[in-house]
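Visitor: Build me a model:
(chains A and B)
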Amino acid sequence: MEWKRSFGLLTSILSFFASLALIFLNFIGPLLFSLQFYELIIKVAVFPGLMYISIFAILIIWFERKFLARVHLRIGPLHVGPMMGILQPIADFLKLMGKEIIVPDKAHKIVYNLAPIAVVAVSCSSIAFMPFGWVAPGKNWVIYETPYNLLIILILFTLHPLIIIAAGWGSNNKYSFIGAMRAAFQLLAYEVPMVFCIAGVAMMAGSLDLVRIVESQSKIWFGVVEPLGLIVFFISMMAELIRRPFDIPVAEQEIVFGYPTEYSGVQFMCFMMAEYVNLCVASLLLAGLFLGGWLGPAFLPPIIWFIIKSLIVCLFVIMGRATWPRLRMDQLLRVGWSLLIPLAILQIVIVLLLLLIFPTFPMWLGFRG
Amino acid sequence: MQVSWGPQHPASGHLRFILDVDGDSVLNLEPDVGYTHRGIEKLTENRTYLQNIPVVERINSYCDATNTVLGYIEVVEELLECEVPERARFIRVIMAEMNRIASHLYWLCLMSISVGFETMLMWTMNERELFLDLFEMITGARITYSALRPGGVRYDIPHGFEEVATKYLNHFERRLKDYYKMIFENSTFRLRTIGVGSISSSDAIKLGLVGPCLRASGVATDVRKDEPYEVYQNFDFNIPVEKAGDAYARSLIRFHEMEESVSIIRQALRSIPEGPIRKRVPLVVPKGEAYSRVEAARGELGYYLVANGTDKPYRLKVSTPSFRNMAALPYITRNVTIADIPAIYMSLDLIPLDIDR
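Guide: This is a model prediction of the structure:
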């Protein structure tokens, strides 16, 4: 009887492995041999996923430091790397990696430790919905294809301040909390005009799909047709990215460093990374909405045109830090509610009147096929 | 909620403010001084008059060393009743005005960073280098010179100083025009400073403000004009006065003072006489009491000296301008936002070293 029992055991183990192999061959196996799987892996890991945003963040930090140094009559990073200190941000990241993670005694441990992960996850996931132009006829280079990409990116942008508020509250520090509250107020100032500007563009293009919006600009850019919308969107984008004239939540001279005051090491790096990934996505968004996206002369591939346009937008964002002092919270709110929103509404009214008086006008400019 | 703003804070210096805040608005501000107290008044009682010069210089060493020492030298010379060579007096004025410019440049750097303007921080530090280089030519030191002595100065101005100084001053005047465009015509800086921390002229007199802060409120007083010391009566210069008394007016006063200082240095270099630079004076100061005041970069700096006929002071009391200007701080920071605190604090040009002594 002994051998029968062990035989039964053996068959059951064998059948278990056989069924595993069947599952593998039936479901995962085809995945491994399909082109789509590897395409997705490349999209997520290389471009426009993790590798692209990391390299973008590192290069843009280096460029920002070098550019500001030129304006300040300084030299800037010089020694790390083969040329002009180009590896300085990597050295800084490595230094931050090696630092101790300090959790304040009175902090809310769960919120405090979750916030940096959440903030970097939310920022990085918004790149998944950003279309990067045609790679083949009828095939768009995007991680997750959906006609609601513009709305999803906007929602992810709006989530960012909420995580900031959680981080500031969880730190249990007065400066962090004031910074978080300022971020909440800032959200009120820039979110409404930003959405209004996008509405103006969507009305012109007749779609909320970023691919359709970019395609509509084959004859003329929306930035030329709607200059008010472009300016208002750029200003609210600066406020959304917490850049210099509007870096009120992290005002160093007033509230030490605002919401990330208590964070150190990798956790602080997460906040910095999220900030620069947001810059990447927002500049791409502005280029797509107003500057014709990936459309350009044919000697360069569409993806390259898109990146070049986004880098030009980044340059203008960085210039703000060199030329303006910081605004006060009440001044930003006044600018937002009494200047940006009326201008954005005026833009919408102009678009509406144009559409009412000349119904054929979008077709004539090539906005609707 | 009570916020402790300092002493370890990016913008507070070695000063601590206890802020009672309601949301983002400040209800009350209480300065908590003393983090840089070194007991300089007591230290001077155990050292000779000559040894006291570097000690007194440390009251405000990194901004305004010459003017700080000049007041001490004045009060000692008043008791000694000694003659000072004319050339030494001119060198003192040149050094004092150069130090006023260096101090105002240092202030402009702090003022611009207090509203978050990094570009001006770097630019002003760049031009401050020029004046530190000139000081290096005269004394060999860049920050703490200890170059003034009772009865004269320690170093004569070297050969070729006038050419270098003229070249630097020409460059500096061109840069001042850039500064005006960059910061005083900057709409955001105007938004942040106009109407912030206003003091009326009657309040300024009641609070006992001195120097540029008082002149920004419309009171035209300057020790250099009212009671000319050294050779200031020889020079033709204006006292800039503003009416508004806010942070912008205080900034503008200091900016125009830099222009006036450049003009004084030019006049002094043109009319400096030949002759000795130092006269021998006794080490023992006769018994008596004396008070002197000079116009330092931050305002009127007073020294009260009680001498008991030995080579050491019996008591030296210093009335520093930063301490007197700090009296206005709790008064003008009621019901402002937290964002205005650094702008108001820096516009008064308070140096904790100067306050604590």
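
Visitor: From now on I want contacts and neighbour counts done on CA atoms only, so please keep to that.
Guide: Will do.

Visitor: Confirm that residue A:38 sits in a helix.
Guide: Yes - with DSSP: H, G, I helix; E, B strand; the rest coil as the criterion, residue A:38 is assigned to a helix.

Visitor: Could you list the low-confidence segments of chain A?
Guide: Along chain A, the model assigns pLDDT under 70 to residues A:1-3, A:362, A:364, A:366-369.

Visitor: For it, what lies in contact range of chain B?
Guide: A:71-74, A:174, A:178, A:251-254, A:256, A:321-329 (Cα under 8 Å from any Cα of the partner chain).

Visitor: again, 10 Å this time
Guide: Within chain A, the residues that sit near chain B (Cα under 10 Å from any Cα of the partner chain) are A:68-74, A:174-175, A:178-179, A:181-182, A:244-245, A:247-248, A:251-257, A:321-331.

Visitor: who touches residue B:251 in this structure?
Guide: Contacts for residue B:251 (Cα atoms under 10 Å, 6 or more residues apart in numbering or on different chains) come out as B:104, B:107-108, B:111-112, B:184, B:193, B:212-213, B:216, B:245, B:257, B:346-349.

Visitor: Would you mind checking which of those residues is nearest to residue A:288?
Guide: residue B:112 (36.2 Å; Cα to Cα).

Visitor: and the closest residue to chain B within the stretch 51-200 of chain A, what does it touch?
Guide: Residue nearest to chain B within the stretch 51-200 of chain A: residue A:72 (5.2 Å; Cα to the nearest Cα). Applying Cα under 10 Å, 6+ apart, one finds that residue A:72 lies in contact with A:66, A:322, B:118, B:119, B:120, B:121, B:122, B:123, B:124, B:126.

Visitor: Spell out the secondary structure type for the residue of the stretch 151-300 of chain A at minimum distance from chain B.
Guide: Closest contact between the stretch 151-300 of chain A and chain B, by Cα to the nearest Cα, is at residue A:253 (4.9 Å). The three-state assignment at residue A:253 reads helix, by three-state DSSP.

Visitor: Repeat that for the one 4 residues further on.
Guide: Residue A:257 carries the three-state label coil when classified by three-state DSSP.

Visitor: ok, how many other residues are close to the residue nearest to it when sequence neighbours are not counted?
Guide: Among residues not flanking residue A:257 along the chain, residue A:250 sits closest, at 4.7 Å (Cα to Cα, 6 or more residues apart in numbering or on different chains). Residue A:250: 25 surrounding residues under other Cα atoms under 10 Å in any protein chain shown.

Visitor: surely residue A:250 meets residue A:186?
Guide: No - with contact defined as Cα atoms under 10 Å, residue A:250 does not reach residue A:186; the gap is 11.7 Å.

Visitor: okay, and the common contacts of these two?
Guide: A:180, A:242.

Visitor: And the residue of chain B closest to chain A?
Guide: residue B:117 (4.5 Å).

Visitor: Quick check: phi and psi at that residue.
Guide: Residue B:117 adopts backbone torsions of phi -120, psi 90, taken as degrees, to the nearest 10.

Visitor: What's the separation between it and residue B:154?
Guide: According to Cα to Cα, to the nearest Å, residue B:117 stands 39 Å off from residue B:154.

Visitor: now residue A:131
Guide: 73 Å.

Visitor: who has more neighbours, the two?
Guide: Between residue A:131 and residue B:154, counting by other Cα under 10 Å, residue A:131 is the more crowded of the two (28 against 17).

Visitor: That one looks like it's in a helix, true?
Guide: No - assessed with three-state DSSP, residue A:131 is coil; it does not lie in a helix.

Visitor: Can you report how many residues neighbour the closest residue to chain B within the stretch 251-369 of chain A?
Guide: In the stretch 251-369 of chain A, no residue comes nearer to chain B than residue A:325, which is 4.5 Å away by Cα to the nearest Cα. Counted by other Cα under 10 Å, the residues lying close to residue A:325 total 29.

Visitor: Is it in a helix, a strand, or coil?
Guide: With three-state DSSP as the criterion, residue A:325 reads coil.

Visitor: so what's it closest to, chain neighbours aside?
Guide: Using Cα to Cα, 6+ apart, the closest residue to residue A:325 is residue B:117 (4.5 Å).

Visitor: Quick check: the one you found touching residue B:111?
Guide: Yes - assessed by Cα under 10 Å, residue B:117 is found in contact with residue B:111 at 8.6 Å.

Visitor: Let me see the contact set for the residue positioned nearest the centre of chain B.
Guide: Chain B has residue B:297 as the residue nearest its centroid, 2.4 Å off, counting by Cα atoms, centre = their mean. Shown in contact with residue B:297 (Cα under 10 Å, 6+ apart): B:63-68, B:96-97, B:99-104, B:107, B:211-212, B:254, B:257, B:321, B:349.

Visitor: Roughly how far does it sit from residue B:152?
Guide: Distance from residue B:297 to residue B:152, by Cα to Cα: 22 Å.

Visitor: And for residue B:267?
Guide: For residue B:267 relative to residue B:152 (Cα to Cα), the value is 20 Å.

Visitor: These two: who's more crowded?
Guide: Remark: of residue B:267 and residue B:152, residue B:152 carries more neighbours, 27 against 16, as counted by other Cα under 10 Å.

Visitor: so what's the more buried one up against?
Guide: Contacts for residue B:152 (Cα under 10 Å, 6+ apart) come out as B:73, B:77, B:82-89, B:91-92, B:276-281.

Visitor: Also residue B:340?
Guide: A:254, A:328, B:25, B:26, B:114, B:115, B:192, B:193, B:196, B:197, B:247, B:333.

Visitor: Need the distance between the two termini of stretch B:217-231.
Guide: End to end - Cα to Cα - stretch B:217-231 spans 27 Å.

Visitor: Any buried residues in that stretch, and which?
Guide: Residues B:217, B:218, B:219, B:220, B:221, B:222, B:223, B:224, B:225, B:229, B:230, B:231 are the ones in stretch B:217-231 that count as buried (16 or more other Cα atoms under 10 Å in any protein chain shown).

Visitor: Surely the first one and residue B:240 touch.
Guide: Put plainly, it is residue B:217. No - counting by Cα under 10 Å, residue B:217 sits too far from residue B:240 to count as a contact (11.0 Å).

Visitor: intersection of neighbour lists for those two?
Guide: Joint contacts of residue B:217 and residue B:240 (Cα under 10 Å, 6+ apart) do not exist.

Visitor: now residue A:195: how far from residue A:239?
Guide: Residue A:195 is 14 Å from residue A:239, by Cα to Cα.

Visitor: Mind checking which of these two has more residues around it?
Guide: Neighbour comparison, residue A:195 and residue A:239: the larger count goes to residue A:239, with 23 against 16 (by other Cα under 10 Å).

Visitor: give the contact list for the more buried one.
Guide: Contacts of residue A:239 by Cα under 10 Å, 6+ apart are A:183, A:186-187, A:189-191, A:233, A:245-248, A:332, A:336.

Visitor: Going by neighbour count, list what's buried in whichever strand or helix holds it.
Guide: In the assignment (DSSP states H and E), residue A:239 maps to helix A:227-240. Buried positions in helix A:227-240, judged by neighbour count with 16+ other Cα under 10 Å: A:228-240.

Visitor: same thing with stretch A:329-348?
Guide: Residues A:329, A:332-333, A:336-337, A:340-341, A:343-348 are the ones in stretch A:329-348 that count as buried (16+ other Cα under 10 Å).

Visitor: Show me which pair in the residues you listed is furthest apart.
Guide: A:329 and A:348 (26.9 Å).
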